[in-house]
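# just the structure for this:
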Amino acid sequence: MKKLPQKIGILGGSFDPIHKGHIFMALHAHEQYDLDKVWLMPNGHAPHKDEEKMTDAKDRLAMCKLVSDQYTFMETCDIEIRSEEYSYTYFTMQKLAQIYPEYEFYFIMGADSLDYFEKWRHPEIIASLCKILVVNRDDYQKEDLINKINRINQIFPADIQIVHCPKYDVSSTEIRQGQKLDDVLSEVKEYIQKNHLYGL
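Presented below is the predicted three-dimensional model:
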């Protein structure tokens, strides 16, 4: 019997810091689409972020590893952190497809990102290399998302599926401001305090 390819979910972001809302997205995508693994992939040189305001990459990577160590289905991928180039998603997915041709990739994004997905750098390449899982955290009506998916498919072919996920009301900004610290794993909270991140 032919062995099916491993199904790998990619959840990228600045993760500054990673919090339970991110974990919630990964859990629901993993369960609803029977993913073998979800890779947490912190941004390296993000083209849309002011790097001077971002926490050092080694700390964001370390916090992701603290999270992935707690879940058997999670791993942390440092491919963007190690790269000297801008972390354009299409380029990262091209590299992953070359390194792991035996894997089937699923790119996980929030429903808000779908609003402007066609304006990303080469979204058609992303869609050609992976299936796209859109996490709807009660922000959008399902009908609106389906209409948006249909509009994207009129521009380029894309296999976009919806992940249904209750809203987890927390943001990295709030945590950096010293709020909602209980919405990070205890291991991450300890790391933040031990390394005096965010002035905490």
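# show me where the protein has its strands.
Taking DSSP state E as the criterion, the chain contains strands spanning 6-13, 37-42, 74-76, 103-110, 131-136, 160-164.
# tell me which of the ones you listed lies nearest to residue 60.
strand 37-42 (4.7 Å; Cβ to Cβ). Where you see a C-beta, it was placed from the backbone N, CA and C, and this is true even at glycine.
# buried residues in the lowest-mean-pLDDT helix or strand in the chain, which are they?
Using mean pLDDT, DSSP states H and E, the weakest-scoring helix or strand in the chain turns out to be helix 111-114, at a mean of 92. By neighbour count with 16 or more other Cβ atoms under 10 Å, helix 111-114 contains the buried residues 111, 114.
# could the C-alpha coordinates of it be exported in PDB?
Taking Å, rounded to 0.1, in the frame of the first residue of the first chain, the C-alpha atoms of helix 111-114 are listed here in PDB:
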ATOM      1  CA  ALA A 111      -9.700  35.000   8.400                       C
ATOM      2  CA  ASP A 112      -8.600  38.700   8.600                       C
ATOM      3  CA  SER A 113      -5.600  37.800   6.400                       C
ATOM      4  CA  LEU A 114      -7.800  36.400   3.700                       C
END
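# tell me which strands and helices that helix is in contact with?
The elements that helix 111-114 packs onto, with contact taken as 3 or more Cβ pairs under 8 Å, 6 or more residues apart in numbering; DSSP states H and E, are strand 131-136, helix 142-155.
# isn't residue 122 right next to residue 92, touching?
No - Residue 122 lies out of contact with residue 92 (Cβ atoms under 8 Å); the separation is 11.3 Å.
# quick one: which of these two has more around it?
Higher neighbour count among residue 122 and residue 92: residue 92, with 24 against 15, using other Cβ atoms under 10 Å.
# name the nearest residue to the more buried one, ignoring sequence neighbours.
Using Cβ to Cβ, 6 or more residues apart in numbering and skipping residues adjacent in sequence, the residue nearest residue 92 is residue 80, 5.8 Å away.
# the one you found contacts residue 87, doesn't it?
Yes - if you go by Cβ under 8 Å, residue 80 and residue 87 touch, sitting 4.2 Å apart.
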